[in-house]
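Novice: Predicted structure and sequence below. I'll ask about it afterward.
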Amino acid sequence: MLILVNNVGSTSLKFKLYSMPEEKVLCESKIERIGSEKGSYLFQNCLSLYKNSIPNIPIESYSKGIDLFLANLTDKENGVIDSVNQIDGLGFKTVISKGYDGTVLLTDDVMQGMKDYLFIAPIHNKAYIDAIEQFKLILPNIPMIGVFETSFHQTIPLENKLYSLPYEWYQEYGIARKGYHGASFSYVAKQARKDNDYKYIIGCHLGGSSSICAIKDGKSFDSSFGFSLQTGLPHANRSGDADSYIVPFLQNEGLSWQEIRQGLDNRGGMLGISGVSNDFIEIQQAIEVGNERAKLAVDVFVVSIVRYIGAFSAEMGGLDKIVFTGGIGENSAMIRKKVCDKLEHLSVKLDNF
């Protein structure tokens, strides 16, 4: 069987085509900075070692990214398969759907649940809905499976999950910390305990969307994400943690709900503080030429990460390992160093290679 796995990020697309059941990767692709004039595209045929890398390419939408990948996948000279119809199934790392957790077939009901929760996860759910519907047009008769981001966090204890709000809101509306990035943290939990049975792990998934997860005995114990993806660390465009009473205060000052929503969802986060970009590479470039607001955005980001690591290590009662992942976590040595330098009191020491 040929299974295509799809990861739709808030600004990225990633693909891997597997031959099953041997779990052999036939090809992989990574598309970054979707919506930017300076996107990047990478395709690698794992059988022939052919690689197609295109920097600074405008990728306006997820559908264009999908088309780029499928064109490479079925290319006569350097592709892996002759036709997309050879694919037997598709898997998606989905985010949230009303009434569904875990691994489910993406039926019309599940898709409607994702649409029902567009208000909670407008950027992520819209991206996934768009990508899945695009694939349904291309491959209408192939089963499509979603692994929802909230499933790994079902083990969070109720005392870590509840807000101090009317309990009836939890019972009737499910208002509680749901946690996201579950697929990433599930992998972190598994890999980090391979060589040593670590009890206390903190995962830092840092990228266009960022979060911290406390992992105790291999299970999710707490998450910086709350009910929505708006919470926790500063994100590329989204504000992260903010006092809830800022909203009625700004309304009283004359701002409309739409203006406030734009500030929280689209004009906040790293973009809002830096005033430069929502892209971390461009923020780093601005720092290099002396932009103080860009530096401030990075400092706020680092302090937020350290704040959650400190809180979660105290909650768990220990800290054995910190794992960095996500586009920024994997690629920015500067961020890793800044975070680790602030954690020396927890006996964190970064090796200088």
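Specialist: Cool, got the structure.
Novice: Chain neighbours aside, what residue packs nearest to residue 232?
Specialist: residue 224 (3.4 Å; CB to CB, 6 or more residues apart in numbering). C-beta coordinates here come from the backbone N, C-alpha and C atoms, glycine included.
Novice: Please determine how far the one you found is located from residue 188.
Specialist: Distance of residue 224 to residue 188, given as CB to CB, to the nearest Å: 14 Å.
Novice: The two: which has the busier surroundings?
Specialist: For residue 224 versus residue 188, the count of surrounding residues by other CB atoms under 10 Å is larger for residue 224: 27 against 23.
Novice: can I assume that one is in contact with residue 235?
Specialist: No - using CB atoms under 8 Å, residue 224 makes no contact with residue 235, being 10.8 Å away.
Novice: Helices along the stretch 151-300 of the chain, start to end?
Specialist: With helices called from DSSP state H, counting those that start in this stretch, the stretch 151-300 of the chain shows them at 158-161, 167-173, 182-192, 246-252, 257-265, 269-274, 280-288, 292-316.
Novice: And the shortest one, what does it pack against?
Specialist: Read it as helix 158-161. Packing partners of helix 158-161 (3 or more CB pairs under 8 Å, 6 or more residues apart in numbering; DSSP states H and E): none among the helices and strands.
Novice: one more time with 10 Å, if that's ok
Specialist: strand 219-223, helix 292-316 (3 or more CB pairs under 10 Å, 6 or more residues apart in numbering; DSSP states H and E).
Novice: Could you pull out the buried residues of the longest one?
Specialist: Neighbour-count burial for helix 292-316, counted by 16 or more other CB atoms under 10 Å, picks out 294-295, 297-298, 300-302, 304-306, 308-310, 312-313, 315-316.
Novice: What strands flank the next helix-or-strand element following that helix, and is each parallel or antiparallel?
Specialist: The C-terminal neighbour of helix 292-316 among helices and strands, as given by DSSP states H and E, is strand 321-325. Strand 321-325 has the following strand partners under DSSP bridges: strand 200-205 (parallel).
Novice: how about the partner strand as PDB, C-alpha atoms only?
Specialist: Coordinates of each C-alpha in strand 200-205 appear next as PDB, following Å, rounded to 0.1, in the frame of the first residue of the first chain:
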ATOM      1  CA  TYR A 200      10.100  14.600  33.300                       C
ATOM      2  CA  ILE A 201      10.300  15.900  29.800                       C
ATOM      3  CA  ILE A 202       9.400  19.400  28.400                       C
ATOM      4  CA  GLY A 203       8.800  19.700  24.700                       C
ATOM      5  CA  CYS A 204       9.200  23.100  23.000                       C
ATOM      6  CA  HIS A 205       7.500  23.100  19.600                       C
END
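Novice: okay, the angle between it and helix 292-316?
Specialist: On the basis of axes from the mean of the first three to the mean of the last three CA atoms, to 10 degrees, strand 200-205 is oriented at 150 degrees to helix 292-316.
Novice: pLDDT (mean, whole number) over strand 200-205?
Specialist: Taken as a whole, strand 200-205 has a mean pLDDT of 97.
Novice: follow-up on the earlier one: mind listing the shared neighbours of residue 224 and residue 235?
Specialist: Shared contacts of residue 224 and residue 235 (CB atoms under 10 Å, 6 or more residues apart in numbering): 210-211.
Novice: What segments of the stretch 101-250 of the chain are strands?
Specialist: Secondary structure of the stretch 101-250 of the chain by DSSP state E, counting those that start in this stretch: the strands cover 103-105, 144-147, 200-205, 211-216, 219-223.
Novice: before we move on, what SS does residue 17 have?
Specialist: strand (DSSP: H, G, I helix; E, B strand; the rest coil).
Novice: go on, residue 34?
Specialist: Assignment for residue 34 (three-state DSSP): coil.
Novice: how deep is it tucked in, by neighbour count?
Specialist: Other residues near residue 34 number 22, with proximity taken as other CB under 10 Å.
Novice: I'd like the numbering to begin with 19 instead of 1 from here.
Specialist: That works, and once the first residue is 19, the last one we named lands at residue 52.
Novice: Can you tell me how far it is from residue 253?
Specialist: According to CB to CB, residue 52 stands 15 Å off from residue 253.
Novice: can you check residue 226 too?
Specialist: From residue 226 to residue 253 the distance is 7 Å (CB to CB).
Novice: any shared contact partners between these two?
Specialist: Common contacts of residue 226 and residue 253 (CB under 10 Å, 6+ apart): 28, 141, 287-288, 296.
Novice: Next, give me the two most distant ones among those.
Specialist: For the shared contacts of residue 226 and residue 253, the farthest-apart pair by CB to CB is 141 and 288; their separation is 14.4 Å.
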